[in-house]
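**Q** Sequence and predicted structure below; questions after.
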Amino acid sequence: MAILTDVWFGHEAGALAGTLDELADLDVRVIREASTDPDGDVYFFRFDGVDLADVRDVLESDPTVRSVRSMPEFAAQRLLGVEFASSTRLLAPAVTDAGGYVLDARATSGDRRPPGWFERWLLPDHESLRTIWQHARREGYDFEIVELDRQGRMGEAELGPRTLTDQQRAALVAAYESGYFAEPREASLEEVADRLGISPSAAAGRLRRGMKSLVGATIVVDRPER
């Protein structure tokens with residue numbers, strides 16, 4: 001039976017690792033898989049949260065990137081084409097080899113190391129997931145199965161992005177429970193940070209990125225037409 005699974009994976013030499021490490025507020029989304037590109041080697045990404053010129057500058061020094069393609073015709077959509085270096089570790093080919101499809105892929109920079117990707121896969125069965133997991137372990141990936149739909153349901157709601165990191169979720173819950181979102185506010189940012197055991201600036205970043213991800217997943221409809 002076909003299954004849907006949400007996964008997180010990271011690798012020190014993984015896609016855009018240098019860029020995600022460098023730009024603290026960056027949110028990246030895969031727009032088109034390389035398999036649908038005539039050249040076969042270019043991945044298309046949407047970059048949010050950071051000025052696109054700054055993103056391009058960092059991409060050009062990212063060791064996982066071979067080349068960057070400007071897309072002036074889609075400048076308003078903040079798109080860039082990226083060709084990866086031959087040494088870059090990518091899991092998408094393993095998903096394809098297992099007969100699966102990547103339905104959604106997004107990365108958000110933050111405190112997690114190595115930086116990684118949250119993806120939603122449609123796979124033919126549990127054995128294909130096991131095959132990919134074994135491949136990931138052999139190649140040195142950090143790999144987590146975030147959620148597994150054992151029934152293989154494919155309703156519209158189930159295909160929505162789930163992009164909160166564990167740290168962002170914990171920060172939002174701590175802020176909510178302490179009254180940070182209350183009116184008037186019942187807790188300061190410093191108190192939320194103390195509860196999490198991190199600095200106020202780190203707490204602010206997690207809250208900002210978490211709220212942005214929630215808005216993007218539940219309010220803003222920007223998924224490309226398929």
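**A** Nice, thanks for sending it over.
**Q** what's the distance between the residue nearest to Gly179 when sequence neighbours are not counted and Glu177?
**A** Leaving aside its chain neighbours, Gly179 sits nearest to Glu186 (2.8 Å; criterion: Cβ to Cβ, 6 or more residues apart in numbering). To be clear about C-beta, it is placed using only N, CA and C from the backbone, and glycine gets the same treatment. Using Cβ to Cβ, to the nearest Å, Glu186 is found at 10 Å from Glu177.
**Q** same deal with Val28?
**A** Applying Cβ to Cβ to Val28 and Glu177 gives a distance of 30 Å.
**Q** Comparing these two, which shows the higher neighbour count?
**A** Val28 (25 against 12; other Cβ atoms under 10 Å).
**Q** Surely the more buried one is in a strand?
**A** Yes. The assignment for Val28 (DSSP: H, G, I helix; E, B strand; the rest coil) places it in a strand.
**Q** Can you spell out which residues form a bridge with it?
**A** Phe47, Ala107 (DSSP bridges).
**Q** What's the per-residue pLDDT of it here?
**A** pLDDT, Val28: 92.
**Q** and if you look at Leu103?
**A** As predicted, Leu103 sits at a pLDDT of 87.
**Q** Quick one: list the elements packing against the lowest-mean-pLDDT helix or strand in the chain.
**A** Least confident helix or strand, the chain: helix 200-218 with a mean of 79, by mean pLDDT, DSSP states H and E. Contacts defined by 3 or more Cβ pairs under 8 Å, 6 or more residues apart in numbering; DSSP states H and E place helix 200-218 against strand 27-32, helix 166-178, helix 189-196.
**Q** In JSON lines: those, plus distance to Leu16.
**A** Listed next are these as JSON lines, based on distance: least, Cβ to Cβ, whole Å:
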{"stretch": "strand 27-32", "distance to Leu16": "6"}
{"stretch": "helix 166-178", "distance to Leu16": "19"}
{"stretch": "helix 189-196", "distance to Leu16": "27"}
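**Q** now, of these, which is deepest in the fold?
**A** Highest mean neighbour count of the helices and strands packed on helix 200-218: strand 27-32, a mean of 20 (counted as mean count of other Cβ atoms under 10 Å).
**Q** So what angle separates the directions of that strand and helix 200-218?
**A** On the basis of axes from the mean of the first three to the mean of the last three Cα atoms, to 10 degrees, strand 27-32 is oriented at 30 degrees to helix 200-218.
**Q** low-confidence ranges in this protein?
**A** 32-40, 110-113, 149-164, 214-226 (pLDDT under 70).
**Q** Can you pull the domain assignment for it?
**A** Listed domain ranges for the chain are 3-159, 166-218 (source: automatic domain parsing).
**Q** For Arg137, see how far away Asp57 is.
**A** 35 Å.
**Q** Ok, Ser109 next?
**A** Distance from Ser109 to Arg137, by Cβ to Cβ: 25 Å.
**Q** Tell me which of these two has more neighbours.
**A** Between Ser109 and Arg137, counted using other Cβ under 10 Å, Ser109 has the larger neighbour count: 21 against 11.
**Q** show me the contacts for the more buried one.
**A** Counting by Cβ atoms under 8 Å, 6 or more residues apart in numbering, Ser109 touches Leu20, Asp21, Leu23, Ala24, Asp25, Leu26, Asp27, Pro115, Arg209.
**Q** All good on my end, thank you.
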